[in-house]
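Participant: pasting the sequence and the predicted coordinates here, then a few questions.
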Amino acid sequence: MNKQELKAVMVRHGDNGGDLAEHLGISRSTFSAKLNENGAEFTQSEIAKIKERYNLGASEIVAIFFSSEVSD
């Protein structure tokens, strides 16, 4: 996952982790674990909600969630 790209999308839309966590119906700590890939991953339904919230295209979703690069 490319967490820097997801963070950039969030910032462009004026969101922070708490805002997106609330939209996804998960706790801030669960969102943080998923963002930092600490044993948790975003579900397909969560990815769909993120895609809809930020009006992302398929290529953007692939770049964020299915990147072959390892995030920091």
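Facilitator: Received, thanks. All figures in this text were calculated on a predicted structure; none of them were measured in a lab. Residues are numbered from 1 along each chain as shown.
Participant: only C-alpha atoms for contact and neighbour calcs from this point on.
Facilitator: OK.
Participant: helices of this structure, residue ranges please.
Facilitator: Applying DSSP state H to the chain gives helices spanning 3-12, 17-24, 28-35, 44-54, 58-65.
Participant: average pLDDT across the third one?
Facilitator: In other words, helix 28-35. Helix 28-35 carries an average pLDDT of 95.
Participant: buried ones in it, by neighbour count?
Facilitator: Of the residues in helix 28-35, 31, 34-35 count as buried by neighbour count, 16 or more other CA atoms under 10 Å.
Participant: and that helix with helix 3-12, angle?
Facilitator: With axes from the mean of the first three to the mean of the last three CA atoms, to 10 degrees defining the directions, helix 28-35 sits at 130 degrees from helix 3-12.
Participant: could you list the low-pLDDT ranges of the chain?
Facilitator: Within the chain, the segments meeting pLDDT under 70 span 68-72.
Participant: middle-most residue in the chain, spatially?
Facilitator: L6 (5.1 Å; CA atoms, centre = their mean).
Participant: leaving out sequence neighbours, find the closest residue to that one.
Facilitator: I64 (6.1 Å; CA to CA, 6 or more residues apart in numbering).
Participant: ditto for E41
Facilitator: Nearest non-adjacent residue to E41 (CA to CA, 6+ apart): K34, at 4.9 Å.
Participant: quick one: contacts of stretch 48-66?
Facilitator: 1-3, 5-6, 9-10, 13, 20, 23-24, 47 (CA atoms under 8 Å, 6 or more residues apart in numbering).
Participant: I should have written stretch 2-20 there, sorry.
Facilitator: So stretch 2-20 is contacted by 27-28, 31-32, 35-36, 50, 54, 63-67, 69-71 (CA under 8 Å, 6+ apart).
Participant: which pair in these spans the largest distance?
Facilitator: Pairwise distances among the contacts of stretch 2-20 were taken by CA to CA; the largest, 26.5 Å, belongs to S27 and E69.
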